[in-house]
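Undergrad: Show me how the following folds:
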Amino acid sequence: MNYLSFLPTGIIILNIVFIILLIFFERKDPTVTWAWLLILTLIPVLGFILYLFLGLTPKKRKVFQRKREEDEVKKYDKKLISAELNQRITEFDHLEQSIIRLASKNDLPTGIGYNQLQIYTSGREKFADLFEDIKNARKFVHANYYIINDDRLGDQFMRLLTKKAAEGVEVRLIYDRMGCRNLSRYSIYKLEDAGGKAVPFAPFVLDMNYRNHRKNVVVDGKIGYLGGINIGCEYLGQSSRFGDWRDTHLRLKGESVDSLQYRFLLDWNFAAGSDLLRQQKYFPPKKFKGDSPVQIVSSGPDSKDAEIKSLFLKMIYGAEKSVNIQTPYFIPDQSILEALKLMARSGVDVKIMIPDRGDQPFVYAANNSFVGEILDAGARCYRYTKGFLHSKTICIDSRVLSIGTTNMDVRSFKLNFEINAFIYDKERSEYHDRIFAKDIENSEEITKRVYQKRGWKMKVEESVSRLLSPIL
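TA: Okay, here's the model as predicted:
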């Protein structure tokens with residue numbers, strides 16, 4: 001009997017099963033449901049495979065529901081945070097106060113911390129300071145990365161962690177199984193053999209959803225890092241495919257490091273099945289306090305609400321003069337898109353900068369598909385042409401700035417674990433906007449005339465990508 005002859009029928013039956021699951025059990029956003037229905041109907045074989053990788057969610061939802069329940073038990077003391085917030089919030093104007101209060105009501109409440117900040121716009125600057133801080137670590141190094149490449153820089157990073165572990169420094173590493181799929185298992189073994197500890201955040205290596213997209217490090221509870229730069233030579237601009245790599249990362253020294261530490265420990269507890277939160281050594285007294293107020297906010301599929309997206313919306317609607325956004329993936333949901341269009345029509349100077357090339361299939365066309373609507377509303381869009389733009393920032397009125405791991409897309413808002421710093425500092429915000437203006441000099445503006453000249457092939461790709469945007 002030729003069993004292969006039954007394969008097409010079997011796939012069609014499975015497609016029907018998935019369609020029933022999708023409609024009656026998954027409870028997805030209607031736009032996502034329609035996108036999957038179209039894929040499963042029009043391309044049954046490929047659609048079936050894609051749905052296995054990108055669409056099926058019940059098991060993971062239960063896992064992250066347990067994570068949320070565990071995090072609920074281990075939150076900061078809300079009363080202490082409220083008392084501290086009420087004391088400090090009067091130092092800010094109404095706009096900042098409204099954003100601060102919203103951030104303080106998320107799943108993991110966060111207070112205002114004062115810090116010394118260093119903003120990096122290249123991997124070379126970031127890695128020089130990060131590696132030096134790790135070399136000088138005396139008590140512990142806690143690192144969480146979405147991508148650690150198996151290349152010269154990745155090897156240097158893993159060797160440094162291994163060396164510190166051998167010296168008796170506590171080293172803990174969380175890595176995403178999908179993002180670090182090329183990371184040498186031998187380097188992890190060497191780290192563990194030296195006394196360090198490493199755990200994958202989520203073991204679903206074949207699942208594109210629910211990835212730990214965070215990139216944060218805490219050294220001795222005194223210094224913290226977060227932002228868009230992973231570990232690898234391409235982030236130094238040494239990739240023949242991408243060339244110069246334009247990104248944004250943040251170094252903090254001060255009170256907000258405790259929030260970064262708390263987030264890391266919650267993630268470690270979930271990934272490793274342990275409980276480290278009760279150990280005071282991870283939260284040393286902060287003798288040094290800077291003058292930049294910061295809130296650390298995280299979000300993910302374990303959150304009740306899309307906290308970071310909500311704060312982006314609050315920032316956009318609160319803008320009176322300007323909104324400057326840099327993102328490698330401009331695939332916003334309807335709420336973000338409508339907010340940007342409304343503010344542009346209201347006379348706010350809305351500028352959006354995206355890469356001149358895509359690093360993922362469909363992404364470049366998907367980015368383009370939303371540009372037309374933004375232009376029609378009066379916003380201005382730019383393609384960064386000096387290299388690849390991977391920076392993830394939003395700044396309003398040169399007053400409030402957010403730097404982190406969150407892209408302006410549905411995947412970051414709903415499916416990935418993300419972390420951002422919200423900075424209420426006019427000087428730092430103005431510094432960001434000066435960098436943004438300099439980046440415009442290395443960009444091509446997408447005017448209506450330029451946009452209308454694109455060919456029919458690009459228009460078709462945009463239409464298909466726009467249709468698939470809810471699941472990209």
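Undergrad: Which pLDDT value belongs to residue 406?
TA: Looking at residue 406, its pLDDT is 98.
Undergrad: domain parsing for the protein?
TA: 3-56, 112-294, 307-471 (automatic domain parsing).
Undergrad: and the last one, how far from the chain's centre?
TA: Here domain 307-471 shows a centroid-to-chain-centroid distance of 14 Å under the convention CA atoms, centre = their mean, to the nearest Å.
Undergrad: where does the stretch 1-150 of the chain have low pLDDT?
TA: 1-86, 107-109 (pLDDT under 70).
Undergrad: quick one, helices of the stretch 151-300 of the chain?
TA: Counting by DSSP state H, counting those that start in this stretch, residue ranges of the helices within the stretch 151-300 of the chain are 152-166, 185-193, 257-272.
Undergrad: so where's the stretch 151-300 of the chain shaky on pLDDT?
TA: In the stretch 151-300 of the chain, residues with pLDDT under 70: 203-208, 278.
Undergrad: do that again at 50, thanks
TA: 206 (pLDDT under 50).
Undergrad: which residues in the stretch 301-450 of the chain form strands?
TA: 322-326, 330-331, 349-355, 380-384, 388-389, 393-396, 400-404, 408-409, 418-423, 443-445 (DSSP state E, counting those that start in this stretch).
Undergrad: Nearest to residue 255 among those would be which one?
TA: Closest approach to residue 255 among these (CB to CB): strand 418-423, 12.4 Å. Backbone N, C-alpha and C define where each C-beta goes, glycine included.
Undergrad: Any chance you could list what contacts the closest one?
TA: 99, 103, 117, 213-214, 216, 226, 250, 252, 256, 260, 263, 292-300, 308, 311, 400-406, 412, 429 (CB atoms under 8 Å, 6 or more residues apart in numbering).
Undergrad: What subset of the residues you listed is buried?
TA: The neighbour-count criterion (16 or more other CB atoms under 10 Å) marks 99, 103, 117, 213-214, 216, 226, 250, 252, 256, 260, 263, 292-300, 308, 311, 400-406, 412, 429 among those as buried.
Undergrad: State the helix or strand in which residue 137 lies.
TA: Element membership for residue 137 (DSSP states H and E) is empty, with no helix or strand holding it.
Undergrad: Please give the number of neighbouring residues around it.
TA: Neighbour count of residue 137, defined by other CB atoms under 10 Å: 21.
Undergrad: and what of the one 3 residues further on?
TA: For residue 140, the count of nearby residues is 17 (other CB under 10 Å).
Undergrad: who's in contact with the closest residue to it other than its chain neighbours?
TA: Once flanking residues are discounted, residue 140 sits nearest to residue 170: 3.9 Å by CB to CB, 6 or more residues apart in numbering. Residue 170 makes contact with 139, 140, 141, according to CB under 8 Å, 6+ apart.
Undergrad: Now do residue 170 against residue 198, distance only.
TA: To residue 198, residue 170 is 13 Å away according to CB to CB, to the nearest Å.
Undergrad: which of the residues in stretch 174-190 are buried?
TA: Residues 174, 175, 176, 177, 178, 179, 180, 183, 187, 188, 190 are the ones in stretch 174-190 that count as buried (16+ other CB under 10 Å).
Undergrad: Turn the domains of the chain into JSON lines, columns for distance to residue 89.
TA: Shown next, in JSON lines, are these (distance: least, CB to CB, whole Å):
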{"stretch": "domain 3-56", "distance to residue 89": "34"}
{"stretch": "domain 112-294", "distance to residue 89": "7"}
{"stretch": "domain 307-471", "distance to residue 89": "10"}
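Undergrad: Out of those domains, which gets nearest to residue 92?
TA: Residue 92 lies closest to domain 307-471 among those, at 6.1 Å (CB to CB).
Undergrad: how many other residues sit next to residue 167?
TA: 12.
Undergrad: Not counting sequence-adjacent ones, nearest residue to residue 321?
TA: Leaving out its chain neighbours, the residue that sits closest to residue 321 by CB to CB, 6+ apart is residue 397, at 4.8 Å.
Undergrad: Residue 151 now?
TA: residue 233 (4.7 Å).
Undergrad: ditto for residue 160
TA: Leaving out its chain neighbours, the residue that sits closest to residue 160 by CB to CB, 6+ apart is residue 134, at 5.5 Å.
Undergrad: go on, residue 99?
TA: Nearest to residue 99 is residue 314, by CB to CB, 6+ apart, at 5.3 Å.
Undergrad: is it true that that neighbour touches residue 102?
TA: Yes. Counting by CB atoms under 8 Å, residue 314 touches residue 102, with 5.5 Å between them.
Undergrad: Residue 120 and residue 247: what is the separation?
TA: Taken as CB to CB, the span from residue 120 to residue 247 is 8 Å.
Undergrad: Give the intersection of the neighbour lists for these two.
TA: With CB under 8 Å, 6+ apart as the test, residue 120 and residue 247 both reach 227, 229.
Undergrad: where's the nearest residue to residue 182 once chain neighbours are set aside relative to residue 184, distance?
TA: Using CB to CB, 6+ apart and skipping the chain neighbours, the partner closest in space to residue 182 is residue 150 (4.7 Å). Per CB to CB, residue 150 is found 5 Å from residue 184.
Undergrad: Tell me how many other residues crowd residue 200.
TA: Applying other CB under 10 Å, we find 21 residues neighbouring residue 200.
Undergrad: quick one: contacts for it?
TA: The neighbourhood of residue 200, defined by CB under 8 Å, 6+ apart, consists of 174, 175, 176, 177, 180, 271.
Undergrad: Would you check which pair of the residues you listed lies furthest apart?
TA: The largest separation in those, counting by CB to CB, is between 180 and 271 at 12.7 Å.
Undergrad: sorry, back to before: dump the contacts of residue 170 into TSV; add distance to residue 368 and secondary structure as well.
TA: Shown next, in TSV, are the contacts of residue 170 (distance: CB to CB, whole Å; DSSP: H, G, I helix; E, B strand; the rest coil):
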residue	distance to residue 368	secondary structure
139	49	coil
140	45	strand
141	41	strand
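Undergrad: export those to CSV and tack on distance to residue 283?
TA: Shown next, in CSV, are the contacts of residue 170 (distance: CB to CB, whole Å):
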residue, distance to residue 283
139, 12
140, 11
141, 16
